[in-house]
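Participant: can't give you the sequence, but here's the structure:
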């Protein structure tokens, strides 16, 4: 009898817990959230600029991805600000408050962990003009399509003027690329992941000293990172290696280009020559090369196919890379691949294309009574 009573009580407790949890997901819940996006150093590395988002909303419904439909969310406030953090005084200043986002006042459908939607944000200094640029884009999802709104500040290189409408416009997000202004020397600005896909803090990471300094934080930061910031989170958020690689590529490309200009090349020639130098340096994928060697009369036999090319066919321009390779044996030339143009009067281009499409990298050519063995070299 006692055992049956205990089982009944346990069942009721489990049922009550499940019922309360389900009701909690169904009944409207009011929430607030704060997030920080795209921190960058100013040119003097004295202040940090970033975009801050503050949200208030009511949400209801389960919204667990893979198990239920999206939850409902009615956003009552959605404010983005351009903020400044002074690295010396450790104070924050609001530089600009944008119009409330178009998400305000509407009822939207999103899954949990991104209940307020995920804005696309960019903040940077334009490299040539040094002008500050920003873009904030939000999306209203409605079946079967969605609408993107953005507000932005952009330097127009054609007019040499700043474009800053100051209002949200229906348009897709345009600013892309790696933000280099987050890195100064060995110090990098990182955002830390927070609830609902909103970064909950900005930290300054000194890679050389292996130290981390929290600059700004949301009210929920201390609870989420009560035991400190895990090293793997910092490592995963870092873009230092990619930024340094991009800067090296840009610097080397400029060096090679100016070097060839100084040698007397015209602009287009210098660009092409610089591109080849960048391939040799390993910055760009290297084009496949073709190398010919003369096969001595009576040389070792081979199972490689032999393509007998007449002088007329060679001079037609179909096999420019082959012509260049046999003109300078043992010297690598750029390979055309297996896209040799086919003509009705010639059959070698079709046969050679078929041979190369099979993955073969070697073949022989008989031209003007000389036999050549050609080798394609591909690079990773």
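Facilitator: Noted; the coordinates are in hand. Keep in mind that this is a model prediction, so the values were computed, not measured.

Participant: for the stretch 101-250 of the chain, which segments count as strands?
Facilitator: Listed from the start of the chain, the stretch 101-250 of the chain has strands (DSSP state E, counting those that start in this stretch) covering 107-110, 120-125, 132-142, 145-156, 161-163, 169-170, 183-184, 187-192, 201-206, 211-217.

Participant: biggest strand in this protein, by residue count?
Facilitator: Within the chain, and with DSSP state E defining each element, the longest strand by residue count is strand 71-86.

Participant: so for that one, mean pLDDT?
Facilitator: Average pLDDT, strand 71-86: 96.

Participant: ranges for the helices of the chain?
Facilitator: In the chain, the helices defined using DSSP state H lie at 2-26, 221-224, 231-237, 240-262, 267-280, 311-315, 320-327, 348-357.

Participant: just name the most buried of those.
Facilitator: Neighbour counts averaged per stretch over the helices of the chain are highest for helix 320-327, at a mean of 18; criterion: mean count of other CB atoms under 10 Å. (Glycine included, C-beta is placed from N, CA and C.)

Participant: who does it touch, helix- and strand-wise?
Facilitator: Helix 320-327 is packed against strand 289-295, strand 333-334, strand 362-367, strand 370-377, with contacts defined by 3 or more CB pairs under 8 Å, 6 or more residues apart in numbering; DSSP states H and E.

Participant: may I have the strands that pair with the third one, each with its orientation?
Facilitator: Pairing partners of strand 362-367, with direction, according to DSSP bridges: strand 306-308 (parallel), strand 370-377 (antiparallel).

Participant: between it and helix 348-357, how big is the angle?
Facilitator: Orientation note: strand 362-367 sits at an angle of 160 degrees relative to helix 348-357 (axes from the mean of the first three to the mean of the last three CA atoms, to 10 degrees).

Participant: go on, the first one?
Facilitator: Comparing the axes of strand 289-295 and helix 348-357 via the same axes, to 10 degrees yields an angle of 110 degrees.

Participant: going forward, the N-terminal residue is numbered 674.
Facilitator: Yep, numbering from 674; the last one is strand 962-968 now.

Participant: from the chain's centroid, how far away is strand 962-968?
Facilitator: If you compare the mean C-alpha spot of strand 962-968 with that of the full chain, they lie 40 Å apart, counting by CA atoms, centre = their mean, to the nearest Å.

Participant: which strands or helices does that strand pack on?
Facilitator: Using 3+ CB pairs under 8 Å, 6+ apart as the contact definition, the elements that strand 962-968 packs against are helix 993-1000, strand 1006-1007, strand 1043-1050.

Participant: need the contact partners of the last one.
Facilitator: By CB atoms under 8 Å, 6 or more residues apart in numbering, the residues outside strand 1043-1050 that reach it are 961-968, 970, 972, 975, 977, 979, 995, 998-999, 1002, 1005, 1008, 1029, 1034-1039.

Participant: swap in 10 Å and give it another go.
Facilitator: Here strand 1043-1050 makes contact (CB atoms under 10 Å, 6 or more residues apart in numbering) with 959-970, 972, 975, 977, 979-982, 994-995, 998-999, 1002, 1005, 1008-1011, 1025, 1029, 1033-1039.

Participant: closest one to residue 772 among the helices and strands packed on strand 962-968?
Facilitator: Among those, strand 1006-1007 comes nearest to residue 772, with 53.9 Å by CB to CB.

Participant: quick check: mean pLDDT of the closest one?
Facilitator: According to the model, strand 1006-1007 has a mean pLDDT of 90.

Participant: pairing partners for that strand, with directions?
Facilitator: For strand 1006-1007, the paired strands and their directions (DSSP bridges) read strand 962-968 (antiparallel).

Participant: how much does the partner strand deviate in direction from helix 993-1000?
Facilitator: Interaxial angle, strand 962-968 versus helix 993-1000 (the same axes, to 10 degrees): 40 degrees.

Participant: what mean pLDDT does strand 962-968 get?
Facilitator: Confidence over strand 962-968 (mean pLDDT, whole number) is 95.

Participant: list of residues touching it?
Facilitator: For strand 962-968, contacts defined as CB under 10 Å, 6+ apart pick out 975, 977, 979, 994-1010, 1034, 1037-1040, 1043-1052.

Participant: report the buried residues of it.
Facilitator: Residues of strand 962-968 classed as buried under the neighbour-count rule (16 or more other CB atoms under 10 Å) are 962, 963, 964, 965, 968.

Participant: so what's the residue nearest in space to the middle of the chain scoring on pLDDT?
Facilitator: Centroid-nearest residue in the chain, with CA atoms, centre = their mean: residue 850, separated by 6.2 Å. Taken from the predicted model, the pLDDT recorded for residue 850 is 87.

Participant: ok now do it, which residues does it touch?
Facilitator: For residue 850, the set of contacting residues under the criterion of CB under 10 Å, 6+ apart consists of 795, 797, 919.

Participant: now do residue 861
Facilitator: Residue 861 makes contacts with 712, 714, 855, 876-880, 907, 910-913, 916, as judged by CB under 10 Å, 6+ apart.

Participant: tell me the one among those nearest to residue 841.
Facilitator: Checking those against residue 841 with CB to CB, the nearest one is residue 712 at 22.9 Å.

Participant: wait, doesn't that closest one sit right on residue 865?
Facilitator: No: at 11.0 Å, residue 712 does not count as touching residue 865 under the criterion of CB atoms under 10 Å.

Participant: more neighbours: which of those two?
Facilitator: residue 712 (25 against 22; other CB atoms under 10 Å).
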